[in-house]
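Enquirer: I would like to see how this sequence folds:
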Amino acid sequence: MTRHQDARRVLRDHEVFTSERGNLLTTLGSDDVASGRMVTVTDPPRHARLRASQINALATGVRDAGGLRMRAAVRALLRPALDGHPWDLAEAAALLPLMALGPVMGLPAADWPELSRLAFSAVAPDDPAYATEDTRTTLTTAHHELFAYFRAALRARHHAPADDLLTRLLPQFGESRRQGIELAVYHCYSLLLGATTTLPHTVSATALVMAENREVIAALRQGPKALAAGIEEALRWSSPAAHVLRHTTRPVEVAGVRIPPGEAVVVWLGSANRDETVFADPYRFRPGRTPNRHLSFGYGPHYCLGAALARTSLTAVFTELTDAIEAMEVCGPVEHLNSHFIAGISRLPVRLTPRRR
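Expert: As a prediction, this is how the structure comes out:
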């Protein structure tokens, strides 16, 4: 599915296009073991019950991510790059998911680098920077280590609660402790991978546009409304999650084509976000584009749980970046992530020109 209308239909209609057999091409040919336990591979009505606990737990985190703490962290990340020396923006952007999510979840900063490596291994198992052996082994190892980490962290919170997301995800009164912690592990895994999927690649793809056209930097600097519109365009432009997988539960016709039951159906989000019947001049980055009905966070019941957290984090990043620089220049080869799931940049050497005060 490459067109906006067809993509929305598939993502909206969970009764005909189920997610419970897996939502990524890496699961093709075998049912996803997380079905019924992780929100991304669970259909309504159970999906709504799983989703509610994450929404409640994230509420405080969304507020914190958009505050002074996140902006201060971004300023610290930028500071060494303002001396005019080459700086790998993609490498720095890879730190952003844990900068946003780590404090909210209550994860020790010392653990962030390894968690980041494991998360990238899970979303880009074919990339040489993260592959350990073959694709399946890399995925299995990353999943095992991330699940073990969160399981241990949640058990520790059970004995010593704190004011963080991990504690808020713990099973409530009347729930089975073991089952509740296991569901919380899946929640933590899903949130970390969601942040890893979106934040760094939206920032890197938009930075590349900034380097090509400094007017984009000026446009994002024109106040909160302009910045909010620019972030939506950045999400459309980057379309960091490349695809979503579904399976048909019954015979269905889409755009005049009959699809039998049990068939894998893949929605290509980047293509839908460049559908010329929906987006005028879709192959141009337009910071003030409105309306902007992009599908980068999905659509329907599986609309991204972390969308608000992503938007507030991106607001902090681009507020600090546009405030700090006048221009950006690419000063070396740009390398893209080897992944059919993530449309991302793995290397982006740039030289920043600090803003004149």
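Enquirer: can you show me the strands along this structure?
Expert: Taking DSSP state E, the strands of the chain run over residues 17-18, 87-88, 243-248, 252-254, 257-259, 264-268, 325-330, 335-336, 345-347, 349-354.
Enquirer: would a markdown table of those strands with mean pLDDT, mean neighbour count and distance to H294 be doable?
Expert: All C-beta atoms are positioned from the backbone trio N, CA, C, and that covers glycine. Shown next, in a markdown table, are these (pLDDT from 0 to 100; neighbours: other C-beta atoms under 10 Å; distance: least, C-beta to C-beta, whole Å):
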| stretch | mean pLDDT | mean neighbour count | distance to H294 |
| --- | --- | --- | --- |
| strand 17-18 | 96 | 22 | 20 |
| strand 87-88 | 97 | 18 | 27 |
| strand 243-248 | 96 | 21 | 14 |
| strand 252-254 | 97 | 14 | 21 |
| strand 257-259 | 97 | 11 | 25 |
| strand 264-268 | 97 | 19 | 13 |
| strand 325-330 | 96 | 17 | 24 |
| strand 335-336 | 96 | 16 | 20 |
| strand 345-347 | 96 | 21 | 19 |
| strand 349-354 | 97 | 18 | 25 |
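Enquirer: can you get me a residue count around A148?
Expert: 11 (other C-beta atoms under 10 Å).
Enquirer: you'd agree R117 is up against Y130?
Expert: Yes - under the criterion of C-beta atoms under 8 Å, R117 makes contact with Y130 at 6.9 Å.
Enquirer: the two: which is more packed in?
Expert: Just comparing R117 and Y130: by other C-beta under 10 Å the higher neighbour count belongs to Y130, 21 against 15.
Enquirer: for the stretch 201-350 of the chain, which spans come out with low pLDDT?
Expert: Filtered on pLDDT under 70, the stretch 201-350 of the chain yields no residues whatsoever.
Enquirer: hang on, the earlier thing: so can I have a markdown table of the strands of the chain showing distance to P301?
Expert: Formatted as a markdown table, the strands of the chain follow (distance: least, C-beta to C-beta, whole Å):
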| stretch | distance to P301 |
| --- | --- |
| strand 17-18 | 11 |
| strand 87-88 | 38 |
| strand 243-248 | 12 |
| strand 252-254 | 18 |
| strand 257-259 | 20 |
| strand 264-268 | 14 |
| strand 325-330 | 39 |
| strand 335-336 | 31 |
| strand 345-347 | 31 |
| strand 349-354 | 39 |
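Enquirer: tell me which of those sits nearest to R177.
Expert: Shortest distance between R177 and the strands of the chain, using C-beta to C-beta, is found for strand 17-18: 30.2 Å.
Enquirer: helices or strands up against that closest one?
Expert: strand 243-248 (3 or more C-beta pairs under 8 Å, 6 or more residues apart in numbering; DSSP states H and E).
Enquirer: neighbouring strands for the strand it packs on, and are they parallel or not?
Expert: Paired strands of strand 243-248, with direction, are strand 17-18 (antiparallel), strand 264-268 (antiparallel) (DSSP bridges).
Enquirer: any chance of CSV for these, columns distance to T277?
Expert: Converted to CSV, the strands paired with strand 243-248 look like this (distance: least, C-beta to C-beta, whole Å):
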stretch, distance to T277
strand 17-18, 21
strand 264-268, 16
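Enquirer: of all those, which one comes closest to R157?
Expert: Among the strands paired with strand 243-248, strand 17-18 comes nearest to R157, with 33.1 Å by C-beta to C-beta.
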